[in-house]
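> Sequence and predicted structure, then a few things I'm wondering about:
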Amino acid sequence: MLAALSRVVSDHLKLDAAQLDPDAEFSEFGFDSITLTSFGNEINRRYGLALAPT
């Protein structure tokens, strides 16, 4: 799960997955309300989920 989510985050933010600290806050990577919403939408699209951005 961690590897899969890391790939989505790295693709979404155009970062190398090795740069991601799984214990860091999303805000440390530049996530804001808009990028969190689009990230949630991408998770839903990739995995066939219906998660709400909130």
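Here it is on my side, so go on.

> elements contacting the longest helix along the chain?
Using DSSP state H, we find that the single longest helix of the chain is helix 33-47. Where contact means 3 or more Cβ pairs under 8 Å, 6 or more residues apart in numbering; DSSP states H and E, helix 33-47 is packed against helix 2-13. Yep, even glycine has a C-beta here, placed from its N, CA and C like the rest.

> Show me what the helix it packs on is packed against.
Against helix 2-13 (3+ Cβ pairs under 8 Å, 6+ apart) you get helix 33-47.

> Neighbours of residue 8, how many?
Counted by other Cβ atoms under 10 Å, the residues lying close to residue 8 total 16.

> list the contacts for it?
39, 42-43, 46 (Cβ atoms under 8 Å, 6 or more residues apart in numbering).

> Let me have those in TSV, extended by neighbour count and pLDDT.
Converted to TSV, the contacts of residue 8 look like this (neighbours: other Cβ atoms under 10 Å; pLDDT from 0 to 100):
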residue	neighbour count	pLDDT
39	19	90
42	14	91
43	17	92
46	12	92
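
> burial of residue 21, as a residue count?
Residue 21: 8 neighbours (other Cβ under 10 Å).
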